[in-house]
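> next come a sequence and a model predicted from it.
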Amino acid sequence: MPLVTTLQHVKDAGLKIMFTNNMNTLADMKAAERRFILPIIGAELLSTLQQSPLDPKYNELLSIAQRAEAHLAYMLDLPTIQVQIGDGGLSSLSNGNRQAAHRWEFKEVQEMLENKGCEALEEMLELLHQNSTEFNWQLLQAYQSFFVTGKDFATYFNIYQPYRTFELLRPVVKQVEDQYIIATIGEDLYQALLTNTAPAPAEKGAVALIKKALAQLTIKTAIEILPVKISAYGFTVLLADSADKPNGSEAQAPTSLMSLTHASCERSGNSYLIQLKQLLDSKASADVFPAYFNSVLYTPPVAQDPATDLRDRCSHHPQTNNPKVFIL
């Protein structure tokens, strides 16, 4: 049985819906559940939510999951609700009182359903992540990253509709972590920081720099690959926007603007990686960042002679260009 089984469940989920006769049925909740809910919470926890009576500690999780399922089920089924399939092919209902929605209305409603459904999905993921022990839930491999939700990513780089946009960015985030973050700090330290629930101050600083670099380099990499859609029709790009599409005033960004953003994000991301490397090299020891300290990536700080260090600092003092003048 799906989590949403009655019209009242749909209404409780905040979806305004009206049935005109008893022949109407709910959208295919089971399909939405398989596609969106099950991959996040897993079969065991999904089975728990379907039990009756339900342990009160799961009430909030069930409510969020039902909100996601209801909206996304109607988002998926909206085309076949709008147009019926019969012996004579496709047809739509019309009478003297009601008429089919305009295409732009259809697209706007479909967009709203996806927005609210995906927002609930992210809310569910955030609740599970924060209460993983209580729910006996483990973060799936595909979601194991320094960014679990779009909300978190958006604090480091602002993205539109983060709960939807970030789903497209997840594979890119994993790619950047492999190519840049792990290459800089090593697999062992990466896993240690990723799973540390009580980081020390130095570890918090390292994670903050990782997230800053990761966000910038993810956008840089996304610019390279996301404009191209790979589908059954081959490789395609967006040429123009449909007049009746939601956000119809938007179109693909010009190449010049994308190039500027790409270059800016690459510079910023590499700068944060340099700062991260400097932090690790200066702090690493047998007790602090031991995984990095014992790896081939660790570069011991160069010990400099005090007299030489003083001459270097004085020679670069803004009040003199004479290395023989010592300003103390």
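Nice, I can see it.
> what segments of the stretch 51-200 of the chain are helices?
59-82, 103-130, 150-154, 162-176, 182-185, 187-195 (DSSP state H, counting those that start in this stretch).
> tilt between the helix or strand just after the last one and helix 162-176?
It refers to helix 187-195. As assigned by DSSP states H and E, the chain's next helix or strand after helix 187-195 is helix 201-225. Here helix 201-225 runs at an angle of 100 degrees relative to helix 162-176 (axes from the mean of the first three to the mean of the last three Cα atoms, to 10 degrees).
> quick one on the thing from earlier: same list (the helices of the stretch 51-200 of the chain) but as a markdown table, adding mean pLDDT and mean neighbour count.
Just so you know, the C-beta spots here come from the backbone N, C-alpha and C atoms, and that holds for glycine as well. What follows is these, written out as a markdown table (pLDDT from 0 to 100; neighbours: other Cβ atoms under 10 Å):
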| stretch | mean pLDDT | mean neighbour count |
| --- | --- | --- |
| helix 59-82 | 91 | 21 |
| helix 103-130 | 89 | 18 |
| helix 150-154 | 93 | 20 |
| helix 162-176 | 91 | 18 |
| helix 182-185 | 96 | 18 |
| helix 187-195 | 95 | 17 |
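> among these, which comes closest to Y292?
When these are compared for distance to Y292 using Cβ to Cβ, the nearest one is helix 187-195, at 4.4 Å.
> so which elements touch the closest one?
Other elements packing on helix 187-195 under the criterion 3 or more Cβ pairs under 8 Å, 6 or more residues apart in numbering; DSSP states H and E are helix 201-225, helix 290-293.
> in the first one, what counts as buried?
If you call a residue buried by 16 or more other Cβ atoms under 10 Å, then helix 201-225 has these buried ones: 203, 205-207, 209-223.
> would you mind splitting the chain into its domains for me?
Per the record, the chain has its domains at 1-88+100-139, 144-315, by automatic domain parsing.
> wait, which of the helices of the stretch 51-200 of the chain is closest to P254?
That would be helix 162-176 among the helices of the stretch 51-200 of the chain, by Cβ to Cβ, at 19.8 Å.
> contacts for that closest one next, please.
114-115, 118-119, 121-122, 142-143, 145-147, 149-151, 153-154, 159, 214, 217-218, 221-222, 225-226 (Cβ atoms under 8 Å, 6 or more residues apart in numbering).
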